[in-house]
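Q: Make a model of this:
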Amino acid sequence: MVDDGSSDDGPERVKRCRDERLRLIRQDNAGPGAARNRGISESIARFLAFLDADDEWMPEFLQKSLCILQSNPACDLTASVYFLGEDCIETTPMFKKRGMTNGPWQIRTGISVEEIKSAFYIFNSWAILCKRMVVEKYGCFRSNNRCDYGEDTYLWVQVMFNHQVYRILEPLVWYHSEASGLGPGRTTSQPLQTFLTAPRPIRMNCPEEYRGLLEQFLASFALATAHEYAAARNNTDKLHYLLKAFPLMKRFRWEYAKLRLKMSIPELIPIIRYIKSCSNERL
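A: Below you'll find the model as predicted:
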């Protein structure tokens, strides 16, 4: 366990655990990426898994994930669905609705951007078991400038575009979003995803045949984020950065047109929200 400069009684609780396999490593606060990287550097295992203080593995998580990796040597990572929030909602139906299937998966020529985006949402650090060499290949987690948002997705985007993974449609983790500062309740004041602010290494590591798909994936995320900023009427600098850095978002014509409309006539935003809510109710 890595204590990244915590101010609660967590370290004392760990010290009370009498288990030789558990080791407490303490450091000054340097951010989640640096904490995970410290844990990696202190370990010698061939496989890596990561668990944040506010999340919970089911008892069978490690055993099942490891057995799957050992039985599927072409796969470099397992990622499972999860239980969500205080009410322990199972997310399996949500992922199945997105077209996700259990078993090996990798990006292929001709895949749709929507399928890639849906696949991306199962890459959560607390629900992943992976081969050590995969994480080290991309420099582990991003820790530049005390990065504390998107430090993990920066890594998983690169893994997704370069490796075969095994998706487990059985909840093996409980994501306590009610205890997370970056859960569903976050606001648009959060920083941009790091794969949008520093995409160059990701582009360089992407296989040439998938670079067009990568650009569409990035543009799609940039467009969705731009919509959030436009609706909130703040973060104007970030909004204009996205428009300039990801011009490919214009290919998503209808969503791009709505974005420009929000920007030029912000008074229409409540009307757009109302129409969208009515459409969701009909569904």
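Q: from here on, contacts and neighbour counts on C-alpha atoms
A: Noted.
Q: which intervals of the stretch 101-250 of the chain have sub-threshold pLDDT?
A: 145-148, 179-190 (pLDDT under 70).
Q: Walking through it, point out its helices one by one.
A: 113-120, 132-137, 153-162, 194-197, 200-205, 211-232, 236-245 (DSSP state H, counting those that start in this stretch).
Q: Show me what the fourth one is packed against.
A: Helix 194-197 makes packing contacts with helix 153-162, helix 211-232 when contacts are defined by 3 or more Cα pairs under 8 Å, 6 or more residues apart in numbering; DSSP states H and E.
Q: For residue 128, which of these is the nearest?
A: helix 153-162 (10.1 Å; Cα to Cα).
Q: I'd like the helices of the stretch 101-250 of the chain as TSV, with distance to residue 27 and mean neighbour count appended.
A: Formatted as TSV, those follow (distance: least, Cα to Cα, whole Å; neighbours: other Cα atoms under 10 Å):
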stretch	distance to residue 27	mean neighbour count
helix 113-120	31	16
helix 132-137	21	16
helix 153-162	23	21
helix 194-197	24	19
helix 200-205	28	14
helix 211-232	34	20
helix 236-245	32	15
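Q: Just give me the neighbour total for residue 6.
A: Using other Cα atoms under 10 Å, the number of residues around residue 6 comes to 13.
Q: Can you name the residues that contact it?
A: Applying Cα atoms under 8 Å, 6 or more residues apart in numbering to residue 6 gives the contacts residue 29.
Q: run the last query once more with 10 Å
A: 26, 27, 28, 29 (Cα atoms under 10 Å, 6 or more residues apart in numbering).
Q: Pull the most distant pair out of these.
A: 26 and 29 (9.1 Å).
Q: what do these two both touch?
A: Common neighbours of residue 26 and residue 29 (Cα under 10 Å, 6+ apart) are 3, 4, 5, 6, 35.
Q: could you dump the strand of greatest length in the chain to CSV, C-alpha only?
A: Using DSSP state E, we find that the single longest strand of the chain is strand 165-175. Extracted as CSV, the C-alpha positions of strand 165-175 are listed here (Å, rounded to 0.1, in the frame of the first residue of the first chain):
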residue,chain,number,x,y,z
VAL,A,165,-7.7,-7.4,-23.6
TYR,A,166,-10.2,-9.7,-21.9
ARG,A,167,-13.5,-8.1,-20.9
ILE,A,168,-15.2,-9.8,-17.9
LEU,A,169,-19.0,-9.1,-17.9
GLU,A,170,-19.2,-10.1,-14.2
PRO,A,171,-19.0,-7.5,-11.5
LEU,A,172,-15.8,-8.3,-9.6
VAL,A,173,-15.3,-4.8,-8.1
TRP,A,174,-17.5,-2.3,-6.2
TYR,A,175,-16.9,1.3,-7.3
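Q: Report the angle between it and helix 153-162.
A: Per axes from the mean of the first three to the mean of the last three Cα atoms, to 10 degrees, the angle that strand 165-175 makes with helix 153-162 is 150 degrees.
Q: what sits against the residue nearest the centre of the chain?
A: Centroid-nearest residue in the chain: residue 153, 4.2 Å away (criterion: Cα atoms, centre = their mean). Applying Cα under 10 Å, 6+ apart to residue 153 gives the contacts 120, 121, 123, 124, 125, 141, 142, 159, 193, 194, 195.
Q: swap in residue 236?
A: Contacts for residue 236 were tallied using Cα under 10 Å, 6+ apart; they are 226, 229, 230, 242, 263.
Q: try 8 Å
A: If you count contacts by Cα under 8 Å, 6+ apart, residue 236 has them with 229, 230.
Q: how far away is it from residue 243?
A: Going from residue 236 to residue 243 by Cα to Cα, to the nearest Å gives 11 Å.
Q: between the helices of the stretch 101-250 of the chain, which one is nearest to residue 47?
A: Once the helices of the stretch 101-250 of the chain are compared by Cα to Cα, helix 132-137 is nearest, at 5.1 Å.
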